[in-house]
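[1] What shape does this take:
(chains A and B)
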Amino acid sequence: MGFENFGTVSFTTEAKAADFITYLEQGKVMATRCPKCGVSYFPPKADCPSCLSGEVEWFEIKGKGKLATYTIVNYGPSGFENDAPYILALGEFEGGIQIMARLSKDIASSDIEAGMSLVVVPLKRPEGRISYEFKKG
Amino acid sequence: MADVAIVGAGQTVFSRSCGVSIRELAFDAFQEALEGLDITTSDIDASIICSAPEYDKQRSPAGLISEYLELTPKPSFYVETVCSSSSTGLRVAWSLVKSGLHKVVAVIGFQKMSELSSRDAAERMGRGADIIWESPFGLTMPAGYAMYARAHMDKYGTTEEHLAKVRVKNSHYGATNPKANYRKELSLEDILKSDMITTPLKKFDCCANADGASCVIVARGDVAKGISEKPIWVMGLGAATDTMTMAGRKQLTGLQCAQEAARQAYKMAGVKPQDIDVAEVHDCFTVSEILAYEDLGFAKPGEGAGLIEDKETYADGKIPVNVDGGLLSKGHPIGATGGSQIRTIVRQLRGQATEAQVKGAEIGLVHNIGGIGQYGNVTILRR
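    Just a heads-up that it's a prediction; the model follows:
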């Protein structure tokens, strides 16, 4: 299984990093780390260009992050019309990992503030689609 | 003295819908670029065709445009860095001339966006992000810049009113630009009351899709002096690339690709931000212009809003910026935009600006950004 059911609209399927989806189905949002040089990657890379190793290991992104910035999108592009309004955000997590995802619909827009505590969790969507989102941490 | 010059620069009118084919659009820009030059098409040694793919159906447009303009059998090829394609084209042209491979090179940028609906165009732009990891969330160009705007506002106290004041200025100058798509002056109230697209950016904080073409003719110094009365010298070229993903960005209050490109261009030209007499910056959104003030060193980090508040970027201010109306007024036919910015600076330095002419302008700067800060080109020109 690859990225065919990822997000609202997926544009490609195959990737060496497709294990990400398997973990996501199991309830985990994962990043990769190079066991040789220690560099970690999000979005996950299946290869390590820092030391040119082709072997990386997966680790779960746990713990709380902080909201770095966000925007409430009122106008979705083709394929996303029915999602709008949705809130895109960047969250900063431990170890210099930054993630872009949507803020959960259960966060009221009046409650959003810079620096607020977040967690990143898998999101099962209708019709077998899957994604991840930020919830209040 | 620099030994590569721009001898001609032209553009079409930028419009919501041009009603002609891409080859004919390219011709109109090419014709204006060659106006008054002592050369013919057969003197052009190579052509670089610049646009973002998938807006029209034509694949490999270089061959098509080369044939229509009768530039065959000279080499022609395609260059792409989305919205900064034609300033990347200038960089490649400079290298071809500087290396001695060619004497005269044409850089032709074009985009015909009217063949797509506005939502479909937004979808194409969304796929200008990482299609595995970020496009599936519905990331768009305005949303990416809106996240920079929010971060800048939170950190430095920049306000929606500051953003709107950029549009007030640019609409003021755009009103007199015969090449601009949007020629109506907008009040602060018009802008602040316009529909919210993606917070905090409203309709009038955003540039519009457009059809258009641009053309820049680049020549070796000795040749330039023979064919043009007023060659404009390329003094500095800077270029940088940032991560495709928003997740990879190290800074959310400025574009690092622009900061790095500016550093390179100032160094190569041997000038400082305060030496620039007039600048064209990539105001795809109002916030982009405020980020540009800081990334180019016209203001310190966090102080960009003060420049527009004090009207220092008007034609009679400390550093005039986008006094042709910018992308916000002209419209943004992606591949043509860099060439249009270069054309404005060339005309300013020649004292031929039809809009606000900055008196005695000697040194000009062009800041052209591709995508949501993925690609940055900064070019410094001198008369």
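[2] and the gap between A:Glu81 and chain B?
    In this structure, A:Glu81 and chain B are 7 Å apart, going by Cβ to the nearest Cβ, to the nearest Å. (C-beta placed from N, C-alpha, C; glycine too.)
[3] how about the closest residue to chain B within chain A, what does it touch?
    Of all residues in chain A, the one sitting closest to chain B is A:Gly7 (2.3 Å; Cβ to the nearest Cβ). Under the criterion of Cβ atoms under 8 Å, 6 or more residues apart in numbering or on different chains, the contact partners of A:Gly7 comprise A:129, A:131, B:135-138.
[4] In JSON lines, list those along with pLDDT and neighbour count.
    Rendered in JSON lines, the data for the contacts of A:Gly7 read as follows (pLDDT from 0 to 100; neighbours: other Cβ atoms under 10 Å in any protein chain shown):
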{"residue": "A:Arg129", "pLDDT": "95", "neighbour count": "16"}
{"residue": "A:Ser131", "pLDDT": "97", "neighbour count": "18"}
{"residue": "B:Ser135", "pLDDT": "95", "neighbour count": "25"}
{"residue": "B:Pro136", "pLDDT": "96", "neighbour count": "24"}
{"residue": "B:Phe137", "pLDDT": "97", "neighbour count": "26"}
{"residue": "B:Gly138", "pLDDT": "95", "neighbour count": "24"}
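[5] Now, those residues that are in strands?
    Cross-referencing the contacts of A:Gly7 against strands under DSSP state E gives A:Ser131.
[6] Max pairwise distance over the contacts of A:Gly7: which two?
    Looking at the contacts of A:Gly7 by Cβ to Cβ, the two members farthest from one another are A:Arg129 and B:Ser135, with 14.4 Å of separation.
[7] Leaving out sequence neighbours, find the closest residue to residue 34.
    I'll assume chain A. Setting aside the residues directly before and after it, A:Cys34 is nearest to A:Cys48 in space (Cβ to Cβ, 6 or more residues apart in numbering or on different chains), at 3.7 Å.
[8] you looked at the wrong chain, it should be chain B
    Nearest in space to B:Leu34, with sequence neighbours left out and distances taken as Cβ to Cβ, 6+ apart, is B:Gly8 at 5.7 Å.
[9] The one you found: how many residues sit nearby?
    26 (other Cβ atoms under 10 Å in any protein chain shown).
[10] Does the closest residue to B:Ser76 other than its chain neighbours fall in a helix, a strand, or a coil region?
    If you skip the residues right next to it in sequence, B:Ser76 has B:Ser66 as its closest partner in space, 3.8 Å away by Cβ to Cβ, 6+ apart. Reduced to three states with DSSP: H, G, I helix; E, B strand; the rest coil, the structure at B:Ser66 is helix.
[11] picking that back up, relative to A:Glu60, how far out is the residue nearest to A:Cys34?
    Note on A:Cys48: its distance to A:Glu60, by Cβ to Cβ, to the nearest Å, is 19 Å.
[12] need the strands for the chain, in chain order.
    The chain I'm using is chain A. Taking DSSP E as the criterion, chain A carries its strands at A:30-33, A:40-41, A:57-60, A:65-73, A:86-93, A:97-103, A:117-124, A:130-136.
[13] not quite, I wanted chain B
    Shown for chain B, the strands assigned by DSSP E span residues B:4-11, B:46-50, B:76-79, B:104-112, B:196-198, B:201-202, B:211-220, B:232-241, B:278-280, B:363-370, B:375-382.
[14] can you list the ones you listed in CSV and add distance to B:Ala149 and mean pLDDT?
    Putting the strands of chain B into CSV (distance: least, Cβ to Cβ, whole Å; pLDDT from 0 to 100) gives the following:
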stretch, distance to B:Ala149, mean pLDDT
strand B:4-11, 29, 98
strand B:46-50, 28, 98
strand B:76-79, 30, 98
strand B:104-112, 25, 98
strand B:196-198, 9, 97
strand B:201-202, 6, 98
strand B:211-220, 26, 98
strand B:232-241, 21, 98
strand B:278-280, 21, 98
strand B:363-370, 15, 98
strand B:375-382, 18, 98
